[in-house]
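S.K.: please work out how this folds:
(2 chains)
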Amino acid sequence: MTDQISDRELADRVVASGDEAAFEVLYRRHTPSVFRFVLRLSGGDAVEAEDLMQETWIKAARSLARFEWKSAFCTWLMGIALNQFRQLARRNGRLLTAVAGEWDLPSDAVEPGSRIDLERALALLPHGFRTVLVLHDVEGFTHREIGEQLGISEGTSKSQLHEARRAMRRLLNAERRTA
Amino acid sequence: MSDDVELTPEEKREFERLPRTAVPSEFLWQRVVRTLREDGILRGGGGVAGLAPSSPQPAADAATGPSGRHWGPSAHRFRPWAVAAVSMAASLALFASGALMGHWMGARSTERAFLAARDQDAAQLAQRVQEAGTAYVAALAALSDLQPAVGRLQGAGAAPARAASEIRQGREAALAALYGAAVELSRLVPGDPDVSEVIRILESRRFEGPGAVGTRQQTWY
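M.R.: A predicted model of the protein is given here:
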């Protein structure tokens, strides 16, 4: 039944009357995909991802009346989530637009004799590499969109993706180095 | 894997196979809705025609959600039911002491308490168990003391009815906490027949009527 009600109609009910049931449908419809997005950006830190998700929904609810529906509701939410992620990174001094110095494999990244999967590799990458890989290769953002979202040029986005993919391949192909 | 910057077909397939959804804890919903109620954006109740009161979270990818193996040590020992049980027990203690239920200890602080517990040594944890157990029993005793007076006032207005409802919630919280503790105890002393029996009894109540363990979704905050 609730699947037949559009996001816009639900949002209108929330704006018009503070309808909590309508908000809950929106929340449960879109949280799983946006939460996976922020969880991945956070390198699998569930506590941080929930904090980001909370701020995302609060921000979205407060801005709902101004949303112009020029994009899908979920896309709008992801944009808010990404913005929250950027603000958190800024507060914590994390670099999202570059990786400082030469990056090397973490010594304990891979158990001896085993390989890691892509999800784990993404989580182990530096924030800057992980962010551009998640946005481009997982979520399908263009370099232009990434540039706009992160405040960098398209060229920077491309070069960062290049380095990020190399780092990801090193992780995926790595076996633990013995001391 | 290729050294070229473009993704290989194999890599593309790996990216496509990544899970697209994950389910956060139910506490996230409670935190969000509480904040929005305080803001006046949500006005509670709901019940607009055509809307189910609470649709379940999608099951997809739940197994690889925040508690899954990919998600690092901070999430590994999270047990949502355990968080719920301890959170409810904390709320119960506050209720019995007359404080506003749950205002002091929300879901977030409970989560943090769980994470903080990981860094304590055995002596600290044993002491914590003792203190929490004492608080739990004391709160239940106080709740039991309230029950007769509330029962006598039944039918005398909204306040006694609300108190009776809150006592029922307290009982459910106590059972949930008891169940959570028993499950953890069974990990601590595997094969203990008494603990197993407690778990069996509590699990048998899960699908029974009012008062059954874990049969209600409550918002305590």
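S.K.: for chain A, give me the ranges with low pLDDT.
M.R.: A:1-3, A:97-102, A:107-115, A:175-179 (pLDDT under 70).
S.K.: helices of that one, start to end?
M.R.: A:7-17, A:20-41, A:46-63, A:73-92, A:118-124, A:127-133, A:143-150, A:154-173 (DSSP state H).
S.K.: chain B now?
M.R.: Using DSSP H, helices in chain B cover B:9-17, B:26-39, B:72-76, B:80-96, B:107-117, B:122-152, B:158-188, B:193-204.
S.K.: ok, back up a step: dump the helices of chain A to TSV, plus distance to B:Ala142 and mean neighbour count.
M.R.: For the C-beta atoms, the positions are set from N, CA and C on the backbone; glycine is no exception. Shown next, in TSV, are the helices of chain A (distance: least, C-beta to C-beta, whole Å; neighbours: other C-beta atoms under 10 Å in any protein chain shown):
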stretch	distance to B:Ala142	mean neighbour count
helix A:7-17	40	17
helix A:20-41	32	24
helix A:46-63	33	21
helix A:73-92	42	17
helix A:118-124	46	21
helix A:127-133	49	24
helix A:143-150	53	18
helix A:154-173	55	18
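S.K.: go through those and name the closest to B:Ile199.
M.R.: Evaluated over the helices of chain A, closeness to B:Ile199 peaks at helix A:46-63, with 26.7 Å, by C-beta to C-beta.
S.K.: quick one: the closest one to helix A:7-17, angle?
M.R.: Inter-element angle recorded for helix A:46-63 and helix A:7-17: 70 degrees (by axes from the mean of the first three to the mean of the last three C-alpha atoms, to 10 degrees).
S.K.: helix A:46-63 packs against which elements?
M.R.: helix A:20-41, helix A:73-92, helix B:26-39, helix B:72-76 (3 or more C-beta pairs under 8 Å, 6 or more residues apart in numbering or on different chains; DSSP states H and E).
S.K.: does the third one come close to chain A?
M.R.: Yes. Counting by C-beta under 8 Å from any C-beta of the partner chain, chain A is contacted by helix B:26-39 at B:Phe27, B:Leu28, B:Trp29, B:Arg31, B:Val32, B:Val33, B:Thr35, B:Leu36, B:Arg37, B:Asp39.
S.K.: packing partners of that helix?
M.R.: Against helix B:26-39 (3+ C-beta pairs under 8 Å, 6+ apart) you get helix A:20-41, helix A:46-63, helix B:80-96, helix B:107-117.
S.K.: what of the longest one?
M.R.: Packing partners of helix A:20-41 (3+ C-beta pairs under 8 Å, 6+ apart): helix A:7-17, helix A:46-63, helix A:73-92, helix A:118-124, helix A:127-133, helix B:26-39.
S.K.: now those helices as CSV including distance to B:Glu10?
M.R.: Formatted as CSV, the helices and strands packed on helix A:20-41 follow (distance: least, C-beta to C-beta, whole Å):
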stretch, distance to B:Glu10
helix A:7-17, 36
helix A:46-63, 28
helix A:73-92, 27
helix A:118-124, 11
helix A:127-133, 16
helix B:26-39, 35
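S.K.: hang on, the earlier thing: quick one: which of the residues of helix B:26-39 next to chain A is most hemmed in?
M.R.: Neighbour counts for the residues of helix B:26-39 next to chain A peak at B:Val32, which has 25 neighbours (criterion: other C-beta atoms under 10 Å in any protein chain shown).
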